[in-house]
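Visitor: Just a sequence and a predicted model for now, questions to come.
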Amino acid sequence: MKLGRRALLAAFVASPARADGPLRDLARRATIYLTPPYAMYRRRHRDVVERGEKLNRLVRQLSAEAGLLTARAWLDLSGEPLFLSLPRMEGRFYSAVLLDPFTRAVAQVSRRTAGDTPPPYMIVGPAWRGDKPGEVAPIRASAPSLWLRFHIAVTDDEADIDVARSLQARTLLESPDQRNERRILEMRELMRFRTTAPWEPVADWPQPRPAERFDLFDRGLAMLAGCTLPEADRQMFDMLAPLRLRPGRRFDARAFSAAQRQAIAAGMSDADAEIRDEGQRAAAGSMLQRAWIATTALGAPTDAERP
């Protein structure tokens, strides 16, 4: 009699003698894979919850660094779309990059890709099924949570920095209502009467707890909630099935014996060391290199935070 796939997985997880070795390796792989979304979750929590930055609002840096004037925003696309409008850039370098939970570029708007006068863009999440206005260029994201990074090149001349600040101020990130009201005012037409308050996303994310060993699984999986994963990522979760990891769900440590939990924790520590020692030299674009870049750029738990 043949056992079903679920029965095989249950038997695999339930047997410490058979599972501890494979579980350690699977935990190592899972940790490398989930490190970028975990780092993104921690950065998003720091910016929005701890620092009070508003979702879907550009935070503009008025001082130039390394020849760039920067702005950023955390986008919540779980509800309505957002519109990104840039002014004419007058021959100046600019770049707006949308990063997904794995720090991969969903889209990039730059002088190379959009020219000196970029069109308005409509950014929609994976669940959006509406229609776009005819004059906008669509950007469909595979994740409901994105990080927008915007840069404008400047020189050391103060007058040039003032021009760049003006361009930055005219770069707009708007909800559909905000965009409609601005266009009505610009055309000097009577603005419609609003009967309901505008929708505004509210940050409701548990605080990351890096001192808890399995927090990386919990927060990394939370960052992937609502994402449309490509085939390679779906295959990854199939391979990690003995760990019972699913996007948007918490890791259930109680489903494993004490010996198995120790094996999983050991595999996660193996991954920490591999990311730290080998990530920089890993193949470009590999999961290991992405994990190293995420922890380097976004911040990894300190030694004091690790269990």
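Guide: Thanks, I have the structure now.
Visitor: and stretch 237-256, how far apart are its ends?
Guide: Terminal residues of stretch 237-256 are spaced 18 Å apart (CA to CA, to the nearest Å).
Visitor: Correction: the previous question concerned stretch 37-57.
Guide: OK, stretch 37-57 end separation, CA to CA: 21 Å.
Visitor: Give me the average confidence score over it.
Guide: On average, the pLDDT along stretch 37-57 is 93.
Visitor: how far out from the middle of the chain is it?
Guide: Its chain's C-alpha centre and that of stretch 37-57 lie 10 Å apart, by CA atoms, centre = their mean, to the nearest Å.
Visitor: Could you list the buried residues of it?
Guide: The neighbour-count check on stretch 37-57 (16 or more other CB atoms under 10 Å) flags 37-45, 47-48, 53, 55-56 as buried. Any C-beta I mention is one placed from the backbone N, CA and C, and that applies to glycine too.
Visitor: Between these, which sits nearest residue 224?
Guide: Taking CB to CB as the measure, residue 37 is the one of these closest to residue 224, at 5.7 Å.
Visitor: Can you name the helix or strand that that closest one falls in?
Guide: In this structure, residue 37 sits in helix 16-44 according to DSSP states H and E.
Visitor: Tell me the helix or strand right after that helix.
Guide: Following helix 16-44 toward the C-terminus (DSSP H and E): strand 59-60.
Visitor: now, the most widely separated pair of the buried residues of stretch 37-57?
Guide: Pairwise over the buried residues of stretch 37-57, using CB to CB, the maximum falls at 38 and 56, 22.7 Å.
Visitor: surely residue 147 meets residue 77?
Guide: No: here residue 147 does not reach residue 77: they are 11.8 Å apart, not a contact under CB atoms under 8 Å.
Visitor: re the thing from before, could I get the buried residues of stretch 37-57 as CSV with distance to residue 109?
Guide: Formatted as CSV, these follow (distance: CB to CB, whole Å):
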residue, distance to residue 109
37, 24
38, 27
39, 24
40, 20
41, 25
42, 27
43, 22
44, 21
45, 27
47, 21
48, 23
53, 21
55, 20
56, 17
